[in-house]
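Asker: Dropping the sequence and predicted coords here.
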Amino acid sequence: MQLKLTTKVTQDYISVKEGFNEKLFLSLNPPFPPVKLKEFGGCNKGDIVHLELNFIFFKQDWISEITYDNTSDSVFEFVDEGTKLPFFLKYWKHHHVVKKDNKDQSLIIDDITFKSPFILMDFFLFPVLWLQFAYRKPIYKRIFKS
């Protein structure tokens, strides 16, 4: 399944790129499940991000590898792909795009493709994931404000 959300922010795309760091990553996590960041390598190809999700009665590791990154004169982008996923996911690919909108504005695009072990579970996960990524929109706007 695919999920795509776009957020307009009032900073140029290079400033937004510089803000994609561990501090931003931690501020984007929704209240549930609580997330412990075990490793944050960055946003460059080969970097690893390792999370521990705490579901109160059990914990799940989520490890993603950055498989692609690119910066041009109008876009900054990178892709993280799940290498070890929680039980409810069997595939995860998140294409992060920061696109120049005009001189002092950018579009942050979260383009996610995911699969669960069961197709019916995909339909259950879609609104849950949509809410978790919609949660990021006001945070992006607040952090990347000129």
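Answerer: Perfect, thanks for sending it. The shown structure was predicted, so the numbers you read here are calculated from the model rather than taken from an experiment.
Asker: quick one: least confident helix or strand in this protein?
Answerer: helix 22-27 (a mean of 85; mean pLDDT, DSSP states H and E).
Asker: Now do the buried residues in whichever helix or strand comes after that helix.
Answerer: Per DSSP states H and E, helix 22-27 leads on to strand 35-40 as the next helix or strand towards the C-terminus. Residues of strand 35-40 classed as buried by neighbour count (16 or more other C-beta atoms under 10 Å): 35, 40. All C-beta atoms are positioned from the backbone trio N, CA, C, and that covers glycine.
Asker: Please compute how far the least confident helix or strand of the chain lies from its chain's middle.
Answerer: The gap between where helix 22-27 is centred and where its chain is centred comes out at 11 Å by C-alpha atoms, centre = their mean, to the nearest Å.
Asker: which outside residues touch that helix?
Answerer: 37, 40, 49, 139, 143 (C-beta atoms under 8 Å, 6 or more residues apart in numbering).
Asker: Does the last one touch Glu18 like I think?
Answerer: In other words, Ile143. No - if you go by C-beta atoms under 8 Å, Ile143 and Glu18 don't touch, sitting 11.5 Å apart.
Asker: all helices for this structure, in order.
Answerer: 13-19, 22-27, 119-134, 136-143 (DSSP state H).
Asker: Take those and write them to CSV, including distance to Ile56.
Answerer: Converted to CSV, the helices of the chain look like this (distance: least, C-beta to C-beta, whole Å):
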stretch, distance to Ile56
helix 13-19, 32
helix 22-27, 20
helix 119-134, 16
helix 136-143, 23
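Asker: which of these is buried the deepest?
Answerer: Mean neighbours per residue, mean count of other C-beta atoms under 10 Å, is largest over those for helix 13-19, with a mean of 17.
Asker: List the residues that contact the nearest residue to Thr71 once chain neighbours are set aside.
Answerer: Using C-beta to C-beta, 6 or more residues apart in numbering and skipping residues adjacent in sequence, the residue nearest Thr71 is Lys17, 6.7 Å away. Listed by C-beta under 8 Å, 6+ apart, the contact partners of Lys17 are 71, 76, 98.
Asker: Since that was my last question, I'll sign off now.
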